[in-house]
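J.: Fold the following for me, if possible:
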Amino acid sequence: MDQIDLSLSLEHVFDIRINFDRRWSTEAIHPGGPRFAYTSVGAGGTVSGPRLQGQLVDHSGADWPMVRTDGVVELNAHYMIRADDGALIYIRNLGYVHGTIDRPGRDPIHPYFRCTPYFRAPDGVHDWLNRTVIIGKGVRRPSVEGSGEPDHSLFRYYAVL
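T.: From the prediction side, this is the model:
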C-alpha cells in the first residue's frame, strides 16, 4: 500500500463494575439448539476512569446472553449510566465469552471475555461516546457464599484511536 498509516492504538477511557440482581436460564428451544439466559442489573454499579465517572442506574437493564451449542456465549446487554454530572447515557454491550477453566467448588473462569459497547449520550461533554469505537475486556466475579460480595462483572474499556 501507499504510505497510508493504518495503525491503531488504544486509550483506556473507563471501567465499569456491574452488580447483578438475578439470573435465569432456559433450556434449548429446539433439540441441540442454543440456550438463553437473563441477568438483571442490580444496585451499586460504578463507572470510573479518566474519561467517564458515574454510577449505573439501579435496575436499569439486563443482559440477555445466548449460549450457543459450541459453548460460546453471545452477550447482549442494555443498561443506563448516570454520569457524575447527571447525564443519562444508554449503553448496549455486545460481545463473546468463551474458553473455560474449571475450578473445583467454584464457578469457571472465562479467559476470553470481550465486548463492543455502543452508546447514546446527550450532546455536550459526553457526546464523544456517540462517535468513538470502544472495545472492552471483562471478567466475571460470581458471588461466593459468606463473602458479602454480590455477583458482578468488571469491564475495562478502551477507545480505538
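J.: Now do the same for Asn93: helix, strand or coil?
T.: Per DSSP: H, G, I helix; E, B strand; the rest coil, the secondary structure class of Asn93 is strand.
J.: could you point out the longest strand in this protein?
T.: Longest strand in the chain by number of residues (criterion: DSSP state E): strand 10-25.
J.: Check which strands are paired with that strand and give the direction for each one.
T.: Paired with strand 10-25 in the same sheet, following DSSP bridges, are strand 35-41 (antiparallel), strand 46-48 (antiparallel), strand 152-160 (antiparallel).
J.: now the last one, how far from the chain's geometric center?
T.: What that stands for is strand 152-160. Here the centre of strand 152-160 is set off from its chain's centre by 7 Å, with CA atoms, centre = their mean, to the nearest Å.
J.: Quick one: low-confidence residue ranges for this protein.
T.: 1, 101-110 (pLDDT under 70).
J.: quick one on the thing from earlier: distance to Ser143 and mean neighbour count added to the strands paired with strand 10-25, as TSV?
T.: For every residue, glycine as well, the C-beta is placed using N, CA and C. Supplementary listing: the strands paired with strand 10-25 in TSV, determined by distance: least, CB to CB, whole Å; neighbours: other CB atoms under 10 Å:
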stretch	distance to Ser143	mean neighbour count
strand 35-41	13	17
strand 46-48	17	17
strand 152-160	8	18
